[in-house]
Structures are given as structure tokens and as C-alpha cells.
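Visitor: what's the 3D shape of this:
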Amino acid sequence: MKTLLVAAGVHTLSGDPNAEPARALLLDGDRIAWVGAAEAAPTAERRVDLGSGWITPAFVDAHVHATATGLALEGVALATADSAAQALDRLRRFAAGSDSAVLLGYGWDDFGWPEAAPPTAEQISSAAPGRTVLLHRVDSHSCLVDATTLSRLPLQTLAGVVRDDDGNPTGWLQEAASEAAQSEVRKRIPAPQLQAARAAACRAAASLGIASLHEMGHPGLAGLDDARAWAAGDWPIEVHTWWAQLDLAAARDNGLRPGGDLFLDGSIGSGTAATSAPYAPAGGNGELFHDDAAVADWFNDCTAAGMGGGVHAIGDRAIEQAIGAIETAAAAHGVDAVRRCRHRIEHVELPTRRHVQRMSRLGIVASVQPAFDAAWGGDHGLYAARFGTEAARSSNPLAWFAQEGVTMAFGSDSTVTPLDPWGGIAAATHHLGGLGLPRSAALWAHTLGGRYVAGQDDVGALVGGQRGDFAVWDADPFAMEDLSDLRCLATVIAGSVAHGDLPLGGSRAGRTAGGFSASP
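Guide: As a prediction, this is how the structure comes out:
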């Protein structure tokens, strides 16, 4: 059935500077048949009046840890804890009100805490006696665990175990040790709870106008069973699943995309991102987790297979390793073959301008999280504290990417920062170092950018022939000063409703149609 949607306006992102302002969109099944002025609309069997609603392309979150996102909805909220004492108090209160044997917390950030160190394993066990506890640092590269969980880990063989002055493990675990702890705790979470968390993450995303998630599967974070569940599941929104392992067959054999959050280095907050400049005040330059040859071989394999690979690279040394590896693949297969793959680098927080230029030549996509600048940028944030104000101002340089012709795909890295696409766009337009984007370019990166890197050339822009993915908002996003006031009225994927009450005849969310007026 053909359905004509009449709105206050439609932001098509068609890229056509001569296009007439649009107020109507014609859906024919799962496809957009026409977009244009309401008075010029073709006939349709059904007409839906959206009143003051505005239509945009649906969002893509191009980097998310969705199971953790769902679990965090029911976990200990630590993102706003301003001290170790407050974090412990929140854990204590949460434990008192929960009968769960496994308690998970998310978002603690010790930068700026008055205490010299985060809570110890003994303090955590005292706050939640008899429970298995794992508290994720905001960057997800470190965690805190209870004393019993700590005792179950092979601490003598693990890298990343933080110890006190006497050499005793504190319960603060980084990188490989953190991954081992997550694997140990994950075994204790019931499968139905994990499945419910996945569904909850999808519903939360759909309610924000997000139609597609790029799930970053990782052996040390959520594990292969979780990635398989995402790839095999029937979700209310679209989920593309990457697998972070230097083994192309492991991804391909499980129906997953190669790489994604494949760590070449760690994070700035945990002091493990690989940088040329030393960290202040502790010193050190972070670390590279793989040698150059292994990364180059993997990108060569991806390119030979015609598959887009992705790696996590935050510090400039890791970014150099990633680009150098892709240049090696280009030398073997040609630049055009590399560009067709649409390889991606996640985060790209501390690149040089020359890095960005080399990315442009190779068609490498910058999978970036603008909210990182809002959280840790500026002259007084984490980046400045570790590397100085000049480095902070040129971190997450969105304007450089745009000026050099690098395609950007925006995401949240949830749970690192929340699912909040309009918040990401606000951060992108108000870059604390002055390297931001116009709102239209930021919206493109958070919608069509994710489609591009996923190879979805038939979905994104609101033009005839494209798949019918879009979101309806209660006001014009380009007329609002404060984007946080926007409310998503509906999210539509392939012509079916994933969120809201549009009367389109199909519902991915099991909702009953209603709320907007429809007429034959």
C-alpha cells in the first residue's frame, strides 16, 4: 500500500542544492517512492498528517556495545559519581535494593576525584557483601571487581593488574586483566538476562530515532556468543555486528564483519593509548597491542576478500600503525581496491593533520564519537591534563576530516557515552577546540555516514528509490537552539514502525497504530 506522509518539513539530505523544500514523503512498501512539496504529491491509498512533525533520515550509531548498553539500563549508574566514596555509596544503595547475584556498574571516571585511587576490591565487597561485582570505568578499558572475583583470576599471568605499594592487587584491572574479569563475570549472568538486555538496548535506540546500530563485538568484552546472538537475532532495529579479532575467518565463519573495535591500543583515561608524547604526570607512552606486520597482514586479507575492516586506534602511534597497514594493502592491491573496501578507524582521537590527509587518499572512514570532545576536551579536560592544551584543542578534529574529504560516521561508543545522537550532533557543532562542523554536516555523519561505512548505498537519504528509513520529530531540528529538547515521535525502518504510533500497516515493535491522523 502507498502511504503519503505530510509533515511540517522534510530534511532529505539528498545533497542536491537545487532541490525544492519538501513537506511530503510517499512510501510504497519498504521503499520511498517520492519526496517533495505537499501540493505536488502523487495520489496514495492512505494519507497520514504529521501536523507539526518534521522528518529526517533515521540515525545510525556507528559504534556501540549494545548488550552492555542494555545491562547498564538496570545497573549501577556511576557516570556522575564525583568521588570514590560516592561511587561506593551508590553501589551500597543499589545492592540493598537488588536481589541479583551479579551487580554491574558503568561509567565511573576517576579523573578529578579527590581520592588518590578508586575503590579497592575489599571496599567493594564490603559495600555489596556476597555479590559478584564488576564496575566498568567510563572508557571500558578498566574495571573494578570484588575480592572474590579478584581471587578467581590468574593474576600472576595477566597484564594490567594494578597493585599497591606492597605489590598486592587492588581490584583495579586494566586492558587484558579487565577483559579476563569481564569473561569471568559474564559466565555468571543468566542467558535470559542477556537477551533481555539486548532487546532493551534496541528499544532505547529506536526511541531516540536510531534505526541502525554497529555492534562492536569483542572477545574480551562480550564474547563470541554475544556477537553470534546479535547476528542471528530478530531485533526491532537493524544491527550490524563486527568481530574484533585478527582472524578474518573467525568473523566470516560466524556471519560477522571483520574488526571494528579491534584494539591497536588502549584508552587515554587508562593511560594505555599509544602516544608519541608522554602522559602527564605519570609518564609512559601507552602501548601497541599488535605488531605492525600482523596488522598489515590482516588488512591485506580484508582487502583481498573485498571486506571493510576496522580497528580501534586512539593515540597517534596507533593511528600511524593503522594507516601504515592499510597503505601496505594498497601497495599490494591498489588504492582503488582499498577505497572500495571502506576500511574504518575507530575513535581517531589524536591524529596529526598528515594522518588525516593519508586517510583521505585511502578512503578510510573516521568512525568517531563527538561526545568525547564534550566529555574530555577543552583547556581543562582530560586531554589537556595528559598532553597539554594544544593537543587537547586538536583532538577529535572533525573539521580536519571534513576539510580533507574524509568520510565520518558518528557513534556513541555506548556505554562510554550515552546513546544520544542529538547530543553527539551538539558536541560536533560546538567542538571545544574550534574544530567542529555545521549542523547539516554533523547530521549527515550521524545518519548517512554510518550507512556508507556499512556499504548501504540504498538507504539513508530521503529520496525516491531509497529504503524507507526515517525518524519523525516534534520540531524542526535546524530551528532549535537546544537539541536536547527534541522528542522522537516515530522511527521507521524499511517502511515498518520500530518506535511510535504511525499507522503504516507494519510494526517492527509490535505497537498498535494510532496517534497520527490517517485518511484514505
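Visitor: Give the other helices and strands that the helix ranked longest in the chain contacts.
Guide: Using DSSP state H to define each element, the chain has its longest helix at helix 316-333. Packing partners of helix 316-333 (3 or more CB pairs under 8 Å, 6 or more residues apart in numbering; DSSP states H and E): helix 292-304, strand 310-313, helix 335-341, strand 344-347, helix 353-362. (Each C-beta comes from the backbone N, C-alpha and C, glycine too.)
Visitor: ok, 7 Å please
Guide: When contacts are defined as 3 or more CB pairs under 7 Å, 6 or more residues apart in numbering; DSSP states H and E, helix 316-333 packs onto helix 292-304, strand 310-313, helix 335-341, helix 353-362.
Visitor: helices or strands next to the shortest one in the packing?
Guide: Using 3+ CB pairs under 7 Å, 6+ apart as the contact criterion, the secondary-structure elements in contact with strand 310-313 are strand 257-263, helix 316-333, strand 344-347.
Visitor: Relative to residue 54, which of these is closest?
Guide: Proximity to residue 54 (CB to CB) singles out strand 344-347 among these, at 30.2 Å.
Visitor: any low-confidence regions in the protein?
Guide: Within the chain, the ranges that satisfy pLDDT under 70 run 505-507, 509-520.
Visitor: centroid residue for it?
Guide: Nearest to the mean C-alpha position of the chain, counting by CA atoms, centre = their mean, stands residue 63 at 2.6 Å.
Visitor: Residue 279 versus that one, what's the distance?
Guide: As judged by CB to CB, to the nearest Å, residue 63 and residue 279 stand 24 Å apart.
Visitor: one step back: including distance to residue 42 and mean neighbour count, could the helices and strands packed on helix 316-333 go into a markdown table?
Guide: Converted to a markdown table, the helices and strands packed on helix 316-333 look like this (distance: least, CB to CB, whole Å; neighbours: other CB atoms under 10 Å):
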| stretch | distance to residue 42 | mean neighbour count |
| --- | --- | --- |
| helix 292-304 | 44 | 19 |
| strand 310-313 | 41 | 29 |
| helix 335-341 | 36 | 17 |
| helix 353-362 | 41 | 18 |
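Visitor: So for residue 107, which of these sits nearest?
Guide: Closest approach to residue 107 among the helices and strands packed on helix 316-333 (CB to CB): strand 310-313, 19.2 Å.
Visitor: Partner strands of the closest one, with direction?
Guide: With DSSP bridges as the test, strand 310-313 is paired with strand 257-263 (parallel), strand 344-347 (parallel).
Visitor: want to throw those into TSV with distance to residue 242 and mean neighbour count?
Guide: Formatted as TSV, the strands paired with strand 310-313 follow (distance: least, CB to CB, whole Å; neighbours: other CB under 10 Å):
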stretch	distance to residue 242	mean neighbour count
strand 257-263	3	26
strand 344-347	9	29
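Visitor: possible to save the ones you listed as TSV with distance to residue 183?
Guide: Formatted as TSV, these follow (distance: least, CB to CB, whole Å):
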stretch	distance to residue 183
strand 257-263	15
strand 344-347	22
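Visitor: Spit out the contact partners of residue 458.
Guide: Neighbouring residues of residue 458 by CB atoms under 7 Å, 6 or more residues apart in numbering: 466-467.
Visitor: how close does it sit to residue 60?
Guide: Between residue 458 and residue 60 the computed distance is 14 Å (CB to CB).
Visitor: swap in residue 238?
Guide: 9 Å.
Visitor: got any residues that touch both of these two?
Guide: Here residue 238 and residue 60 share the contacting residues residue 212, scored by CB under 7 Å, 6+ apart.
Visitor: Show me which of those two is the more surrounded one.
Guide: Using other CB atoms under 10 Å, the more surrounded residue of residue 238 and residue 60 is residue 60, with 33 against 23.
Visitor: That one should be in a strand, yeah?
Guide: Yes - counting by DSSP: H, G, I helix; E, B strand; the rest coil, residue 60 is found in a strand.
Visitor: hey, what's it bridged with?
Guide: Beta bridges link residue 60 to residue 212, judged by DSSP bridges.
Visitor: Verify the stated contact: it with residue 445.
Guide: No - the pair residue 60 / residue 445 is not scored as a contact, 9.3 Å apart, by CB atoms under 7 Å.
Visitor: The helix or strand containing residue 181 vs strand 257-263, what angle?
Guide: If you go by DSSP states H and E, residue 181 is part of helix 176-186. Relative orientation of helix 176-186 versus strand 257-263 (axes from the mean of the first three to the mean of the last three CA atoms, to 10 degrees): 120 degrees.
Visitor: Can you give the contact residues for helix 176-186?
Guide: Helix 176-186 has contacts (CB under 7 Å, 6+ apart) with 102, 132, 134, 141-143, 145, 149, 152-153, 158-161, 173, 220-221, 223.
Visitor: in the stretch 101-250 of the chain, which spans are helices?
Guide: Ranges of helices in the stretch 101-250 of the chain, per DSSP state H, counting those that start in this stretch, are 121-127, 147-152, 176-186, 191-206, 224-232, 248-253.
Visitor: do you know which of those helices lies nearest residue 429?
Guide: In terms of CB to CB, the element of the helices of the stretch 101-250 of the chain nearest to residue 429 is helix 191-206, at 22.0 Å.
Visitor: Other residues contacting that closest one?
Guide: Helix 191-206 has contacts (CB under 7 Å, 6+ apart) with 61, 66-67, 69-71, 73, 213, 226, 229-230, 233, 235-237, 419, 491, 498-499, 509.
Visitor: Quick check on those residues: which are buried?
Guide: By neighbour count, with 16 or more other CB atoms under 10 Å, those hold 61, 66-67, 69-71, 213, 226, 229-230, 235-237, 419, 491, 498-499, 509 as buried.
Visitor: May I see the helices and strands packed on strand 310-313 arranged in a markdown table, with distance to residue 6 as well?
Guide: Formatted as a markdown table, the helices and strands packed on strand 310-313 follow (distance: least, CB to CB, whole Å):
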| stretch | distance to residue 6 |
| --- | --- |
| strand 257-263 | 38 |
| helix 316-333 | 46 |
| strand 344-347 | 38 |
